[in-house]
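>>> need a 3D model of the sequence below.
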Amino acid sequence: MKIQKTISLENLNSFIDEILEFSHECKIFLLAGNLASGKTTFVQEFAKKLGLEDDVTSPTFSIQQTYGDKFFHYDIYQNGTENFISSGLLEELDTDGYHMIEWADEKLEKILDAYMYDFVKVKIKKAKDKNRNYEVTKCIH
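Predicted structure coming up:
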């Protein structure tokens, strides 16, 4: 199951509605894309869509930020999947709420598959005129 679209920032909010419907019960989102592709912007808009008023920022150095009691934002760029696992953050994914993981890689996908976690993968690429190409794939067990 997959959605592919090119979206402007102005249309990201309504596209998130479509993603929420598509993802259904999945609450783990793996975000992939180059530097400055829009991963954190996606997380910020997603948080707004859920009604969170917190100032969502990238948790690059802290690895995890929690907003409210059901929105978790991870950035594993600095320390990688191994540190994510060894820090006990894999178990955090059992906590009820949305989990947004920036810089998720194939190794993390394989681990989530092995533990039978359902997740949505969002690949983001820069496109023309400040638009972004989104490829959204759902992995259900």
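>>> list the buried ones in stretch 133-141?
By neighbour count on 16 or more other Cβ atoms under 10 Å, the buried set for stretch 133-141 is N133, Y134, V136, K138, C139. No exception for glycine: its C-beta is placed from N, CA and C like everyone else's.
>>> pick out whichever of the residues you listed sits closest to D118.
D118 lies nearest to C139 out of the buried residues of stretch 133-141, by Cβ to Cβ, at 6.4 Å.
>>> okay, and the beta partners of that closest one?
Assessed by DSSP bridges, C139 has beta-bridge partners F119.
>>> lowest mean pLDDT among the helices and strands, pick that one out for the protein.
Taking mean pLDDT, DSSP states H and E as the measure, the chain has helix 80-86 as its least confident helix or strand, at a mean of 83.
>>> returning to what we had before: closest to F15 out of the buried residues of stretch 133-141?
Closest approach between the buried residues of stretch 133-141 and F15, by Cβ to Cβ: Y134, at 7.0 Å.
>>> any chance you could map the helices in the protein?
For the chain, the helices defined by DSSP state H occupy 12-23, 39-49, 80-86, 89-92, 106-114.
>>> weakest of those helices in terms of mean pLDDT?
Lowest mean pLDDT within these: helix 80-86, at a mean of 83.
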